[in-house]
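Asks: just need the structure, nothing else, for what follows:
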Amino acid sequence: MKRIVVYPGSFDPPTYGHLDIIQRVLTLFDKVIVAVMDNPNKCSLFSIDERIKIFKEITRRFKKVEVDKFKGLLVNYVKKKKAQAVVRGLRAISDFEYEFQMAQMNRELSTEVETIFMMTSTPYSYLSSSIVKEIAKLGGDIGKFVPRPVEWMLKKKMKEGK
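Replies: Numbering: from 1, shown residues only. Alright, predicted model coming up:
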């Protein structure tokens, strides 16, 4: 049986921290599905299509990665994709509290779906999409936080005044 894991998130925008989790989880699973969340209640800088396009670009070297979007309950999406688990990256204790609550709720909704927590590598422990957007908005250099295609898209958005 193929071992499949879903890595869900808004990824607005994707960072090197996200790529770090993907690379490391690829050693544990046969396939990683990056599930970009389509949440109309969340005000995203990038559209769902832009986030999917950029994620496909920055993960194209990984043959075992699929990029998809989802809407609705994560457990339903995981079952539909015949995945065995969800992976969530943790940067700090503050992340754990929220992620633990979500994992417990998902477990309540479906005992078939496991959640795996993976600590981010030390160089990315402070990194978040929100911080990257703020630095970009203020004209700072984001090159060491995001892959080049993401940097270009962010700069373009900032020029457009988004």
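Asks: for the protein, what spans make up the helices?
Replies: For the chain, the helices defined by DSSP state H occupy 16-25, 48-59, 74-80, 93-109, 129-137, 148-159.
Asks: and Val6, which of these is closest to it?
Replies: When the helices of the chain are compared by CB to CB, helix 74-80 sits nearest Val6, at 5.1 Å. Where you see a C-beta, it was placed from the backbone N, CA and C, and this is true even at glycine.
Asks: average pLDDT across the closest one?
Replies: Helix 74-80 shows a mean pLDDT of 96 in the predicted model.
Asks: likewise stretch 135-155?
Replies: 93.
Asks: buried ones in it, by neighbour count?
Replies: Ala136, Ile142, Phe145, Val146, Pro147, Pro149, Val150, Glu151, Met153, Leu154 (16 or more other CB atoms under 10 Å).
Asks: now the first one: how far from Arg3?
Replies: Between Ala136 and Arg3 the computed distance is 36 Å (CB to CB, to the nearest Å).
Asks: and for the fourth one?
Replies: To Arg3, Val146 is 29 Å away according to CB to CB.
Asks: any chance of the helices of the chain in CSV, plus distance to Val36?
Replies: Output for the helices of the chain, formatted as CSV (distance: least, CB to CB, whole Å):
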stretch, distance to Val36
helix 16-25, 11
helix 48-59, 5
helix 74-80, 11
helix 93-109, 17
helix 129-137, 12
helix 148-159, 13
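Asks: compare the ones you listed and give me the one nearest Ala35.
Replies: Closest among those, once you apply CB to CB, is helix 74-80, at 6.2 Å.
Asks: got a list of what Cys43 touches?
Replies: For Cys43, the contact set (CB atoms under 8 Å, 6 or more residues apart in numbering) is empty.
Asks: and Leu127, how many neighbours?
Replies: Counted with other CB atoms under 10 Å, the neighbours of Leu127 add up to 20.
Asks: returning to that earlier point: so which of the helices of the chain is nearest Ile33?
Replies: It is, among the helices of the chain and with distance given as CB to CB, helix 74-80, at 8.8 Å.
Asks: chain center to the closest one: distance?
Replies: Taking the mean of its C-alpha atoms, helix 74-80 sits 16 Å from the chain's own mean (CA atoms, centre = their mean, to the nearest Å).
Asks: what do you get for stretch 135-142?
Replies: Using CA atoms, centre = their mean, the offset of stretch 135-142 from its chain centre is 21 Å.
Asks: show residues contacting it.
Replies: So stretch 135-142 is contacted by Val132, Phe145, Glu151, Leu154, Lys155, Lys157, Met158 (CB under 8 Å, 6+ apart).
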